[in-house]
Structures are given as structure tokens and as C-alpha cells.
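Participant: take this sequence and fold it.
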Amino acid sequence: MPGLPQFLVTETVQALLTRERTLLGDLQAFLSVQGAPAEAAVQARQAMQNLGESFLLVVVGEFNAGKSSFVNALLGEAVLPEGVTPTTDRIYVLIHGELVNGKRSAPEATADPFVVRLRLPIAALDGVALVDTPGTNAIIRQHQVLTEGFLPRADLLLFLTSSDRPFTESERQFLALAARWGRAVIMVVNKADLLETPGQREEVRSFVEAGARAELNLTPPVYLVSARGEQRGGDEGFRALRDALQTRLGERERTRLKLSSPLNAAAEILGGEERRSQAARETLKADLETLSSLEAQRTRHGETMGGELDGQLNRVGRLLGEFEARADKFIDSALRLGNFRTLMNGRELEKQFREQAISDLPEAIERQFGTMIDRFVEANLHFWEDVQAFLVRRQPPGDIARTRFSYDRNALLEGVAGSASRHIAEVTEAQLTRQLAADTEEAMKGVVGLGAGGVGLGVIGAVLATTIAADFTFIFSGLAVGSLGLLILPARRLRALRQLRVKVAELRESLEAIVRREYEREQARADTRLQDALSPFTRFIGGEQTRLSQAAGQAAALRARLDELKREVDGI
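Facilitator: Model (predicted):
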């Protein structure tokens, strides 16, 4: 039967094999839809291919555990090179093959440049592929990669350790990896001839059993062997191991293991996707919290800007208060009989008012406007930079690295950061200054009823100077003594002072209303830009939450089918 060469072939096995192939195909489709890492898809395809391959009996262990000499002793022939340094720089797959013209076949290359196939006329290889791997702790890093990469394909592991260094840390780590993939394991302690007493042998056996039990959560069989003793005439440990392998590799048990291996691999692959999905859900949850935090930051930023604006406007108010005090003093001193000659000349009176009362008020307010604009631009640009830095720090965990979810999410976050960067680059201080100045000038013209002028803070100063002169110097028109009358001069002075206070209050109110309105408009535009930048990311979160919810149901259904198949395979 294709896919189970020389294995137990019954209707039950055929049905299980069909269902297993269907399940593995559905798993591949699921991984593709979910955008799983490429290696997960490769492992799923390999699990499917494993059903059509020979039974894989894989020998693993550290390079100095004597794997090659162990394999030679197990087969009864010197088919692999032996040495005290790492002699196996690739994976050797030993399968049964007849002699050609009385000679063994030459090593065969495979699709994988690090895997070599050897056909040997050895009866023990009939229906079984024996795999010799590089050492798990070899100095050459490629050895470790080769060994770990071949692990998911194994149907049964012969885990080799050495009596002089039993169960090292690298062996423990590798055994933990084997447990993750659900591999069936037989523990073999080589170089048992170095153990001189039964007590030493039992101590080593117990140590290895305890270590294996801690990693595998079960107690695998442990065999103490001597490859050197077997090659020199026979070893009792080898005879016990061969008997155990004959039982494990019997038709029924071999079939069960062959069907179990892809299912165990599928369980690990599916578990990986479930872990990635959970990590993605947690990332999205944190992303929602991030967006909520950004909204809170935006609110606080607006409140901070409002507080700063109050302070800036208070400084404008102080400037107007100082002007009011100067104007008050001028009126009090100008509208007196001692100033008779000036009162006879309205133009001179206006000139003195400009010089002594108005003074540099327009320029001072203009400078204050510039300060307000500078601070507004600086604070908003800093807020954008903080948003960008805040989002960049929100990196997903390593569990979902190299997944489509991670790539899509990162692209959107880079887009948000890009929007911030473009905003910082395009909305320069000069541009925003001109815009705010133009808006303020237009609003001022509406208040004072003046015609259009140029755009810029200087124009606002000119508008203020003209406005103040127009609003306050009219007080002095017609103040010639001939039309005034000496007795009513004190009353006229009091009236002028009252009008001064009213006009200053109106000017203060107008300026404050203009500035607040422009601040609010620009802040609303900034908030809109932030929302526009974040909206694709917000939509992504919603879409991914829906997808992950559906994926959880699909994964649960696959898991249920997988568990049911495993129970039935275990019952063969």
C-alpha cells in the first residue's frame, strides 16, 4: 500500500491514513490562511510527506557519544567513519539495497545537500531507514541545525549519551525539543564498558532515567551498551537493545508509530499557531489600550495647551493693562488748563497720545503673538513625536515574529509614524505662523472694520496701532478751549477715562476671542490629523480581532479531530 510500505495493512489502517492525510491537508490550508511563518508551513508539508516514507529510526546525541561506532555495531558492519572528532558533517540515511555487480551502491545525493542516502544489503534495514545525525553539541553550528531540523521527521529516536558524561545540558535541551514534537524515545548509554561495577552502572541508569523523565514526563527504557564490546565479540546490552528494537519495529507497533509521528508533529505545529494566535490577541488588546492611552494623552495635551494659552493671554492682558495705565496718566495730565496750548491743537494731542500712551504696545502684542505661535507649534510637534515613539515601542512578542499579522501590523504602525514624520516635516513653524497670522488678521479686520492688508504678524501690529489710535484719539477731537468751556473740562476728563477703560476691555476681549478661536481651530485640525493617521490601524485591530476569533474556532475543530485520530491510532 502506498504510504505504508511493509506495514500492517487493514481497512482500519487505511481509513486512519486517509483521515490523517485529510487532516494534514486542512492544517496546511489553515496555516496558509493565518499567515503562519514559512517554517510552520514547511513542517506541515513534511509531516504529510513522512506518511509516504520508510519508517525513520533516528540516532541522535552528542558528537563524542560514539554515534557512528554505535550505528556500525548495531548493523554489524563498518558503514560509517569513526573518530574522536566530529566525523559526521551531514545526515546519513541508511536504507536496504541489494549489491550491484557485487558492490555496494555509491552514496546518493538528495534534494537536501546535507542529507546523503546509503543503500546497504543489510537485512536489519528491511522496511526501516536508519538515520545517523551530526552531534547535538558539535562545534560546527550547522551540525546542530541539521539534527534539530530532522527531528520532526523521526518515527523513533535512539537517544545516545555516554557513560563518561551522561545526560549533559545540551542533551537535556535536545530531549526537551523531542518532547515538544512528541517523539518516541529509547535512551541508550554507550561506553558502558567504562563502568567497572554494577553499582556504577545502576547509578548512571538512574541518573539518565531521572533526567529523561523530567524532560519527557515519562520514563523511557534505558539500555547500557558498549559499541566497542559489540564489535569485539558481543555485548549483553546490545543484545537487550536488539530484542527491544525487534519488538518496537514489529509490524503492528511500527505502523502505530508511523501514523503517530505526523500526528504528533501536527499537534506541535497547531500548538505553535495557537500560541501565536494567543500572542496576537494579547498584542491587539495591548494595542487597544495604547489607542486609549493616546486618546487620554491627546486630552491631556489639549488641557495643557489650554492652560498655556491662559498664561499667554494673561501676558497680553498685562500689556493692555500697562497701556491703560499710561493712557490714564496721559488723559489725566493732558486734559488740564495748564495744557492750554496742546488742547488748542488736536493733531498735537493725538501725536502725544501715540508717543506716550500707545508707545510700543502693537509691537509688544505682536511679539507676544509670535511667542504664542512658537509655543503652539513646538508643543504640537512634540506631541506628534511622542505619539510616534510611543507606537514604535509597542513591538509584538517574538511568538508572532515573521507572521503575516506581524508584517501587516508593523506596516500600519510605520504608516502612522510616517504620517507624524510628514506632519513634522511639512507643517513648519513658519508655515503655521503665517496661517495663524492670516487667520488672526482676518478676524481683527472683522472687529475693527478695516480693509484687507498683507499676511503676517507685522500686519497685525499695524492693524492694532491704527485701531487703538482710531478708538482712543477721537476722545480728543473738538477739545479746543473755544468750544469746550473751562468749567466742563474736569467732566470731560472723567468721561475720557471711562471711555478708555471700556475700549481697553473691548480690545482685550476681542484679542482673547480671536486667539482662542484660532487655537481651537488648529488644535481641532491636529486632532483630525491624528485620527486620520490612526484610523487604518484601528480598522486593522477590529478586522484582526474578528479573524482571530474565527481562527480560534477552526483551531479548536482541528485539535478535536487530531486528538480523536491520536486515540484511534494508539488503539491499533
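Participant: contacts for stretch 404-411?
Facilitator: For stretch 404-411, contacts defined as Cβ atoms under 8 Å, 6 or more residues apart in numbering pick out Gln34, Gly35, Ala36, Arg276, Ala280, Thr283, Asp287, Pro396, Ile400, Phe540, Glu544. The way it works is simple: take the backbone N, C-alpha and C, and place the C-beta from them, glycine included.
Participant: next one: that stretch to chain centre, how far?
Facilitator: 8 Å (Cα atoms, centre = their mean, to the nearest Å).
Participant: most widely separated two among the contacts of stretch 404-411?
Facilitator: With distances taken as Cβ to Cβ, the most widely separated pair in those is Ala36 and Asp287, at 20.4 Å.
Participant: between the two, point out the one with more neighbours.
Facilitator: Higher neighbour count among Ala36 and Asp287: Ala36, with 25 against 22, using other Cβ atoms under 10 Å.
Participant: what are the phi and psi values at the more buried one?
Facilitator: The phi/psi pair for Ala36 (degrees, to the nearest 10) reads phi -70, psi 160.
Participant: list the contacts for it?
Facilitator: Here Ala36 is in contact with Gly272, Glu273, Arg276, Thr403, Arg404 (Cβ under 8 Å, 6+ apart).
Participant: from those, which would you call buried?
Facilitator: Buried members of these, scored by 16 or more other Cβ atoms under 10 Å, are Gly272, Glu273, Arg276, Thr403.
Participant: among these, which ones are in helices?
Facilitator: Among the buried ones among the contacts of Ala36, the members found in helices (DSSP state H) are Gly272, Glu273, Arg276.
Participant: show me the shaky parts of this protein.
Facilitator: Of all residues in the chain, those with pLDDT under 70 make up the ranges 1-9, 82-89, 136-148, 335-346, 392-399, 401-402, 415-489.
Participant: picking that back up, most widely separated two among the contacts of Ala36?
Facilitator: Taking Cβ to Cβ, no two of the contacts of Ala36 sit farther apart than Gly272 and Arg404, at 14.6 Å.
Participant: can you list the buried residues in stretch 10-17?
Facilitator: Of all the residues in stretch 10-17, those buried under the rule 16+ other Cβ under 10 Å are Val13, Leu16, Leu17.
Participant: please, where are all the helices along the stretch 251-400 of the chain?
Facilitator: In the stretch 251-400 of the chain, the helices defined using DSSP state H, counting those that start in this stretch lie at 251-334, 340-343, 346-353, 361-393.
Participant: any chance of those helices in CSV, with distance to Ile514 too?
Facilitator: Listed next are those as CSV, based on distance: least, Cβ to Cβ, whole Å:
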stretch, distance to Ile514
helix 251-334, 11
helix 340-343, 35
helix 346-353, 24
helix 361-393, 10
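Participant: closest one to Gln523 among the ones you listed?
Facilitator: That would be, of these and by Cβ to Cβ, helix 251-334, which comes in at 6.1 Å.
Participant: tell me where the stretch 51-200 of the chain has helices.
Facilitator: Under DSSP H, counting those that start in this stretch, the stretch 51-200 of the chain gives helices at 67-75, 141-150, 169-180, 198-216.
Participant: Ile358 is nearest to which of these?
Facilitator: For Ile358, the closest of these is helix 141-150, at 82.2 Å, according to Cβ to Cβ.
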